[in-house]
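*Asks:* heads up, no residue letters with this:
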């Protein structure tokens, strides 16, 4: 059973470009979460999605950031017009639809570097 | 708002020793879950142990155990017979049961196991 798959693992973008990070949840999981980890800090919640629905986006910056989890395909975290401060590790996590005791499983992260 | 505090930025012990990492949290919720995650140099987030607030018994996973003091809102992690592979950042995290599994993380403790 494959774990949460994220790609790319490393992404370099110039200021002003767009970054797209993809996440495929574990098999059987229909809930996806995105977290951001700035250097030397803990993870911060960004957004929680179910298929075709954004459930909680209270941690998303108001501008330039968006997320989706379409009916088919992976979840996408999109950052438009990236700035140096967007450089961070972005972790995706997933959980099954049924109550799993509130345990979520993380992917290996995508490292975004803005130059 | 829930907060999680890890007061030890760094710790270092000799191999085979026992080490305890501290974590305190603040919440008005009565039912919630607490976690310890490990982030080794590979940067992957690995679940170490989980505690359900309504359970009085402290969780144990092999060499890892917790001391959960609900009244004091304290959740420390004890690592027995420490091994070189335990070297990592350790994050304490909290989520409340009715939430969208939105984890709140502490700042982390960098643990180094010396040979």
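*Replies:* Received it, and whenever you're ready, just let me know what you need. Just so it is clear, the structure is predicted and the values come from calculations on it, not from any experiment. Numbering: from 1, shown residues only, chains lettered A, B, ... in the order given.

*Asks:* only C-alpha atoms for contact and neighbour calcs from this point on.
*Replies:* OK.

*Asks:* What parts of chain A come near chain B?
*Replies:* Contacts of chain A with chain B, taken as Cα under 8 Å from any Cα of the partner chain, map to A:41-45, A:48, A:56, A:102-109.

*Asks:* any idea which of those residues is the one closest to residue B:33?
*Replies:* residue A:102 (7.4 Å; Cα to Cα).

*Asks:* Next one, pLDDT for the closest one please.
*Replies:* We have a pLDDT of 63 for residue A:102.

*Asks:* and if you look at the one 3 residues further on?
*Replies:* According to the model's per-residue confidence, residue A:105 sits at a pLDDT of 88.

*Asks:* Likewise for residue A:1?
*Replies:* 50.

*Asks:* likewise residue B:52?
*Replies:* Looking at residue B:52, the pLDDT reads 89.

*Asks:* Kindly report the same for the one 4 residues further on.
*Replies:* In this prediction, residue B:56 carries a pLDDT score of 83.

*Asks:* burial count for it?
*Replies:* For residue B:56, the neighbour count with other Cα atoms under 10 Å in any protein chain shown is 11.

*Asks:* Who are the contact partners of the residue nearest to it when sequence neighbours are not counted?
*Replies:* Distances taken as Cα to Cα, 6 or more residues apart in numbering or on different chains place residue B:68 nearest to residue B:56, at 7.9 Å, with adjacent residues excluded. Residue B:68 sits next to B:51, B:56, B:58, B:74-76 when contact means Cα atoms under 8 Å, 6 or more residues apart in numbering or on different chains.

*Asks:* Backbone torsions only: list them for residue B:68.
*Replies:* The phi/psi pair for residue B:68 (degrees, to the nearest 10) reads phi -100, psi 120.

*Asks:* Go through the contacts of residue B:68 and give me the one with the most neighbours.
*Replies:* Going by other Cα under 10 Å, residue B:75 tops the contacts of residue B:68 with 25 neighbours.

*Asks:* Please, where are all the strands along chain B?
*Replies:* B:3-5, B:10-14, B:19-21, B:24-26, B:32-39, B:46-52, B:60-61, B:64-69, B:74-79, B:88-96, B:104-105, B:109-114 (DSSP state E).

*Asks:* Residue A:25 is nearest to which of the ones you listed?
*Replies:* Evaluated over these, closeness to residue A:25 peaks at strand B:46-52, with 15.7 Å, by Cα to Cα.

*Asks:* and the closest one, which strands flank it?
*Replies:* Using DSSP bridges, the strands paired with strand B:46-52 are strand B:32-39 (antiparallel).

*Asks:* Identify the residues contacting the strand it pairs with?
*Replies:* In contact with strand B:32-39 (Cα under 8 Å, 6+ apart) are residues A:102, B:45-54, B:75, B:77, B:88-97.

*Asks:* and the gap between the residue most central in space within chain B and residue B:60?
*Replies:* For chain B, the residue nearest the mean C-alpha position is residue B:36 (3.2 Å; Cα atoms, centre = their mean). To residue B:60, residue B:36 is 12 Å away according to Cα to Cα, to the nearest Å.

*Asks:* So what would you say the end-to-end distance of stretch B:10-27 is?
*Replies:* The separation between the terminal residues of stretch B:10-27, taken as Cα to Cα, is 25 Å.

*Asks:* for stretch B:81-95, that is, sorry about that
*Replies:* End-to-end distance for stretch B:81-95: 29 Å, by Cα to Cα.

*Asks:* Quickly check: that stretch near chain A or not.
*Replies:* Yes: interface with chain A: stretch B:81-95 contributes B:91, B:95 (Cα under 8 Å from any Cα).

*Asks:* Thank you, goodbye.
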